[in-house]
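> Below is the sequence, then the predicted model.
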Amino acid sequence: MNESKTLEKKLKLIADDKDFIFCVSHMLKTKEDVEEVIYYIDNGEDVSYENIILLTLWLNKKRKK
C-alpha cells in the first residue's frame, strides 16, 4: 500500500473529517513528510487532531526554508 493511502486510513482513525484529511494530505509534499506523520500517528504521545495539524504545518514550513 502506498504511503498516501496509509496516511488517509490512519487520519480517518483520528477524525473522519474530510477537510482535515484533505488539508493534511495536500500540505505534505514529500514522501518523507508523509512517513513522518505516519510514524507520529503510530508511535507518538498525545496523538490528536490538533497535534497532527501542528506537525503538518511545521513540516510544511520547514520544507519552505
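Thanks, I have the structure now.

> Show me the shaky parts of the chain.
The chain contains residues with pLDDT under 70 at 1, 65.

> Tell me where the longest helix sits in it.
Taking DSSP state H as the criterion, the chain has its longest helix at helix 49-64.

> Just the CA atoms of that one, as CSV, please.
Output of helix 49-64 as CSV, limited to C-alpha atoms (Å, rounded to 0.1, in the frame of the first residue of the first chain):
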residue,chain,number,x,y,z
TYR,A,49,-6.3,16.1,15.5
GLU,A,50,-4.7,19.3,16.7
ASN,A,51,-1.2,17.9,17.1
ILE,A,52,-1.3,16.3,13.6
ILE,A,53,-2.2,19.7,12.1
LEU,A,54,0.6,21.4,14.0
LEU,A,55,3.1,18.7,12.9
THR,A,56,1.9,19.1,9.3
LEU,A,57,2.3,22.9,9.4
TRP,A,58,5.7,22.6,11.0
LEU,A,59,6.9,20.1,8.2
ASN,A,60,5.5,22.4,5.6
LYS,A,61,7.2,25.5,7.0
LYS,A,62,10.5,23.5,7.4
ARG,A,63,10.4,22.5,3.8
LYS,A,64,10.0,26.1,2.6
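
> Which positions within that helix qualify as buried?
For helix 49-64, a neighbour-count test (16 or more other Cβ atoms under 10 Å) marks 52, 55, 56, 59 as buried. Backbone N, C-alpha and C define where each C-beta goes, glycine included.

> what are the phi and psi values for residue 48?
With angles defined as degrees, to the nearest 10, residue 48 sits at phi -140, psi 170.

> What degree of burial does it show, as a neighbour count?
A count of nearby residues for residue 48, using other Cβ atoms under 10 Å, gives 11.

> Now do the contacts for it.
Contacts here follow Cβ atoms under 8 Å, 6 or more residues apart in numbering; on that basis residue 48 touches residue 14.

> just the helices in the protein please.
For the chain, the helices defined by DSSP H cover 3-14, 18-27, 31-43, 49-64.

> between the shortest one and helix 3-14, how many degrees?
Direction vectors for helix 18-27 and helix 3-14, defined by axes from the mean of the first three to the mean of the last three Cα atoms, to 10 degrees, enclose an angle of 150 degrees.
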